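K.L.:
sequence unknown, structure follows:
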């Protein structure tokens, strides 16, 4: 391993992040320059680095004149990726929030990370995107490797990155169609409830994607949680032969599959107990009753040195306005196309995160039409529901006459229908199960949706 002779790493703490390496070898300087070009612009309000968590041994930190200086001896290539991952995930950015939290599910403490974009204000219901890590990885690594944060900042959606549970060797994994065990489908469903209780989530726009084992898990959610998930995308994941026999989605669901033909981990041609990738695509084409041959688009080979090329197959006009999209990467490895972490076999002709979101944003869950598209009441008409959260009794106050109010749970089930006028109506909801509900106030002038929580 080549050692470097430089002793100082400097990050200015103003404007945007700039990575400056003094007297680095040309190879490392070029790598860092490429990474810096790919980084989004951050405005830093705080940079907190606990000494016990700093990834480089024998290092000292100083801050002077708005610059963070890291003195290290020696610094080698093996320190580069941990350092970059560490710096990028310990920054608190103006307006944006990254929240690490835990919850109990089936007696197990489960971990998850939320990314809340700066555009989120709680007044508008926003999409929720699950981004699932691969086997042996974790949510911290997936935050950067399959990065959606810049897209979320623009499109205004919340990202949830949960962790799987450790296997006997301590590697985190998802129970995604291989055997009985941890109920990860139940965990994801409970997470939807928990996040919806604290944030304004559009139940019609909940999606899941993931890398490798996270791709397997996203396909598992298509099989077992289609009543809540609007669409899924798998990157280097597949389905097991067991799943092929037992997958029972409740409805047609849009699916994207991204896979390299030279993937050594989840082989394109399949392996013992794991389906070939084209068989996975054919399964969803058949299940969704896609009638037409796919539309083939050759992805422009904008990077001729990455050792791979890509084709896109679009199966359109499927049942319930769904589609199946397949990116076949000839020569591609077990990697996330367009990732900032350019591992061997990474296709650089397209960005998987961007294409996944462009795919997801077309689809909304059909069981939530009331939440998806309704004319909004003029802002001057304010309905109130209090207390919120409530225990047994909920009071509704209407500024208008002849208002119909309906209460739906997060799965779209109707629990209440009543008429109210310009007064306070008291509802006894002691028999209602605890959970998150959506009140729909319907009037000839429009509709207003308000979230309430019973506990």
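P.N.:
In hand now; what should we look at? In this text the structure is predicted, and so the values were computed from the model without any measurement.

K.L.:
so where's the chain uncertain?
P.N.:
By pLDDT under 70, the low-scoring segments of the chain are 1-95, 179, 369-377, 379, 410-412.

K.L.:
Select the longest helix from it.
P.N.:
Identified as the longest helix of the chain according to DSSP state H is helix 184-198.

K.L.:
Just after that one, pick out the following helix or strand.
P.N.:
Going down the chain from helix 184-198, the next helix or strand is strand 201-211, by DSSP states H and E.

K.L.:
any idea of the angle that following strand forms with helix 184-198?
P.N.:
Taking axes from the mean of the first three to the mean of the last three CA atoms, to 10 degrees, one finds strand 201-211 and helix 184-198 inclined to each other by 140 degrees.

K.L.:
Could I get the buried residue list for the longest helix of the chain?
P.N.:
For helix 184-198, burial by neighbour count (16 or more other CB atoms under 10 Å) applies to 184-185, 187-197. The C-beta positions use only the backbone N, C-alpha and C, and glycine is treated the same way.

K.L.:
so what secondary structure elements neighbour it?
P.N.:
Applying 3 or more CB pairs under 8 Å, 6 or more residues apart in numbering; DSSP states H and E, one finds that helix 184-198 makes contact with strand 97-105, strand 108-116, strand 126-132, strand 158-162, strand 201-211, helix 213-224, strand 435-443.

K.L.:
hang on, the earlier thing: list just the nearest of the buried residues of helix 184-198 to residue 146.
P.N.:
Of all these, residue 188 has the smallest distance to residue 146: 16.8 Å, by CB to CB.

K.L.:
Double-check that closest one against residue 221; I have them as touching.
P.N.:
Yes: Residue 188 lies in contact with residue 221 (CB atoms under 8 Å); the separation is 6.4 Å.

K.L.:
circling back to that earlier point, what would the buried residues of helix 184-198 look like in TSV with distance to residue 152?
P.N.:
As requested, these are exported to TSV (distance: CB to CB, whole Å):
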residue	distance to residue 152
184	23
185	24
187	22
188	19
189	22
190	22
191	17
192	17
193	21
194	19
195	14
196	17
197	20
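
K.L.:
and of those, the nearest to residue 115?
P.N.:
Nearest to residue 115 out of the buried residues of helix 184-198 is residue 195 (CB to CB; 11.6 Å).

K.L.:
In contact with that closest one, which residues?
P.N.:
The contact partners of residue 195, by CB atoms under 8 Å, 6 or more residues apart in numbering, come to 114, 128, 158, 160, 201.

K.L.:
Looking at these, point me to the pair that's furthest apart.
P.N.:
For the contacts of residue 195, the farthest-apart pair by CB to CB is 114 and 201; their separation is 11.2 Å.
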